[in-house]
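Colleague: Let's see this in three dimensions:
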Amino acid sequence: QVQLVESGGGLVQAGGSLRLSCAASGRAFSNYIMGWFRQAPGKEREFVARISQRGVSTDYADSVKGRFAISRDNAKSTVYLQMNSLKSEDTAVYYCAAGRAAFAVRPGQYDYWGQGTQVTVSS
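Modeller: The predicted structure is shown next:
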């Protein structure tokens, strides 16, 4: 079992920045691919970013490429999502997830989920 707890969400003006954190506990954090997803009201959960076990490989949704950056600190069992140049359409609940499937971009490919943190971008 892996327990995930997100933090860092909040209200920010368009053009601003936020840094989300996801702290993991339980089984070896470094064994897992980590992903960030988001879900806006009335919409399906969508992929945002993922990072490989050692942080060598990353992948981003086109909608956030160049604005968001995912990173991880295996010594702290924490994954981060730096979000810059935020737009109103980035408003959503953001979830971190842990899984083992390579190149995982679908929610069903992840095994463990956090409870989510709300990000609201005002225009």
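Colleague: Could you measure from the closest residue to Val5 other than its chain neighbours over to Gly8?
Modeller: Closest residue to Val5 apart from its sequence neighbours, by Cβ to Cβ, 6 or more residues apart in numbering: Ala23 at 5.1 Å. C-betas here are computed from N, CA, C, even on glycine. In this view, Ala23 and Gly8 are 11 Å apart by Cβ to Cβ, to the nearest Å.
Colleague: cool, and Ala61?
Modeller: Taking Cβ to Cβ, one finds Ala61 at 19 Å from Gly8.
Colleague: ditto for Cys96
Modeller: For Cys96, the distance to Gly8 - Cβ to Cβ - is 11 Å.
Colleague: Which one's more surrounded, these two?
Modeller: Neighbour count, other Cβ atoms under 10 Å: between Cys96 and Gly8, Cys96 has more, with 30 against 16.
Colleague: Common neighbours of Cys96 and Gly8, please.
Modeller: Leu20 (Cβ atoms under 8 Å, 6 or more residues apart in numbering).
Colleague: could you dump the helix or strand hosting the residue nearest to Val5 to CSV, C-alpha only?
Modeller: If you go by DSSP states H and E, Ala23 is part of strand 18-26. Extracted C-alpha coordinates of strand 18-26, given in CSV (Å, rounded to 0.1, in the frame of the first residue of the first chain):
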residue,chain,number,x,y,z
LEU,A,18,1.6,27.5,-7.5
ARG,A,19,3.6,24.5,-6.4
LEU,A,20,1.8,21.3,-5.5
SER,A,21,3.4,18.7,-3.3
CYS,A,22,2.5,15.0,-2.8
ALA,A,23,4.0,13.2,0.1
ALA,A,24,4.0,9.4,0.0
SER,A,25,4.3,6.8,2.7
GLY,A,26,4.2,3.1,2.7
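Colleague: Which other helices and strands does it contact?
Modeller: Applying 3 or more Cβ pairs under 8 Å, 6 or more residues apart in numbering; DSSP states H and E, one finds that strand 18-26 makes contact with strand 2-7, strand 33-39, strand 78-83, strand 92-99, strand 117-122.
Colleague: Tell me the buried residues in the third one?
Modeller: The reference is to strand 78-83. 78-81, 83 (16 or more other Cβ atoms under 10 Å).
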